[in-house]
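Chemist: when you get a sec, could you give me coordinates for this:
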Amino acid sequence: MSTEMKKIDPESPEFKTELLKTIKFTDKVVAQFGFAYNPDPLINEGIQMGLTRNKLIYDKRYCPCFFVTGDKEEDRICPCKPALEHEIPNDGVCHCQIFCTPEYAAKTAKNDELEAVTHEHSRGLSAQECEMLLGKHDIDADELVSLLEARELGMVDFNLVDVREWMEHQGGHIKGTDTLVPTTSFFASLTKANLDTDKSLILYCHVGSRSAHCQRILSDMKFKSVVNLAHGISGYHGEIVR
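Modeler: Numbers count the residues shown, from 1 in each chain. As a prediction, the model looks like this:
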């Protein structure tokens, strides 16, 4: 695995050509298996771009929600076996959330519409509640929004770290993100970021898998606390910088 950050330009002719091939590929998967796309087009676009990036880097459309380790038994090539055999039949959706059963897609669309109408922001946090959240293993999107607001008020301090790839970060990242530490150049980027081990970290990726892996690594490196954003940026309803 390379130790340098790999920057794939999504505006390059090479990327755009390969992206069209990837879209045709995912269209074919949907048609072949009777799936539906996720009703959130941003999720589908993000996964299609991630598949394209991996195709250009590794020459295979590896699932962008997991590390690419070089282990043929472990690495997931889209559509991956766990998704086809377990995730979609049992949960209605694959881990990356691009491929769904038609029933799951319809239900999700209705839930998203309801949430858009009824969602109200929670009350502000106390300093004690902030510290309690930073002691958790995982937090949800609303908790992160509240923590970011508390940080702006000077009530708490932490680093928000994006562990996706440079191209994904450029396409859209959570407002308030402090640094990018891509998984394909994790240790080199971590050294460059020079993060304070005495300051809490909150990690996020697309759906929470890569960040959970990085969480385990950083916890072993004796950071004060390392929190994972459950469901990643795909489940975040706060402000996104694009």
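
Chemist: contacts and neighbour counts: CA atoms only from here.
Modeler: OK.

Chemist: so how far is the first residue of stretch 57-65 from its last?
Modeler: End-to-end distance of stretch 57-65: 15 Å, with Cα to Cα, to the nearest Å as the criterion.

Chemist: residues in contact with that stretch?
Modeler: Outside stretch 57-65, the residues within contact range by Cα atoms under 8 Å, 6 or more residues apart in numbering are 47, 50-52, 54-55, 68, 75-80, 95-96, 205-210.

Chemist: next secondary structure element downstream of the helix or strand of the chain with the lowest mean pLDDT?
Modeler: Sorted by mean pLDDT, DSSP states H and E, the helices and strands of the chain end with helix 102-118, the least confident at a mean of 75. Proceeding N to C from helix 102-118, the next assigned helix or strand is helix 127-134, under DSSP states H and E.

Chemist: what is the longest helix seen in the chain packed up against?
Modeler: The longest helix of the chain (DSSP state H) is helix 13-33. Contact partners of helix 13-33 among helices and strands, from 3 or more Cα pairs under 8 Å, 6 or more residues apart in numbering; DSSP states H and E: helix 41-58.

Chemist: mean confidence score for the helix it packs on?
Modeler: Helix 41-58 shows a mean pLDDT of 92.

Chemist: try stretch 195-207
Modeler: For stretch 195-207, the per-residue pLDDT averages 96.

Chemist: same question for stretch 222-242.
Modeler: For stretch 222-242, mean pLDDT rounds to 93.

Chemist: quick check: end-to-end length of that stretch?
Modeler: The first and last residues of stretch 222-242 sit 33 Å apart, counting by Cα to Cα.

Chemist: how about stretch 199-215?
Modeler: Stretch 199-215: ends 14 Å apart by Cα to Cα.

Chemist: what of stretch 157-173?
Modeler: Between the opening and closing residues of stretch 157-173 we find a distance of 19 Å, counting by Cα to Cα.

Chemist: other residues contacting it?
Modeler: If you take Cα under 8 Å, 6+ apart as the criterion, stretch 157-173 is touched by 5-10, 46, 49-50, 151, 176-184, 199-206, 210-211, 214, 233, 240-242.

Chemist: mark which of these are buried, thanks.
Modeler: Buried positions within the contacts of stretch 157-173, assessed by neighbour count (16 or more other Cα atoms under 10 Å), are 5, 8, 10, 46, 49-50, 151, 176-177, 179-184, 200-206, 210-211, 214, 233.

Chemist: go ahead and flag the most central residue of this protein.
Modeler: residue 206 (1.1 Å; Cα atoms, centre = their mean).

Chemist: assign that one to helix, strand or coil.
Modeler: Per DSSP: H, G, I helix; E, B strand; the rest coil, the local secondary structure of residue 206 is coil.

Chemist: my guess is it meets residue 229, correct?
Modeler: No. Taking contacts as Cα atoms under 8 Å, residue 206 lies outside contact range of residue 229: 9.6 Å.

Chemist: can I see the domain layout of this structure?
Modeler: Structural domains annotated on the chain: 13-117, 127-241, as defined by automatic domain parsing.

Chemist: deepest of these, which one?
Modeler: Among those, ranked by average contacts under mean count of other Cα atoms under 10 Å, first place goes to domain 127-241 (a mean of 18).
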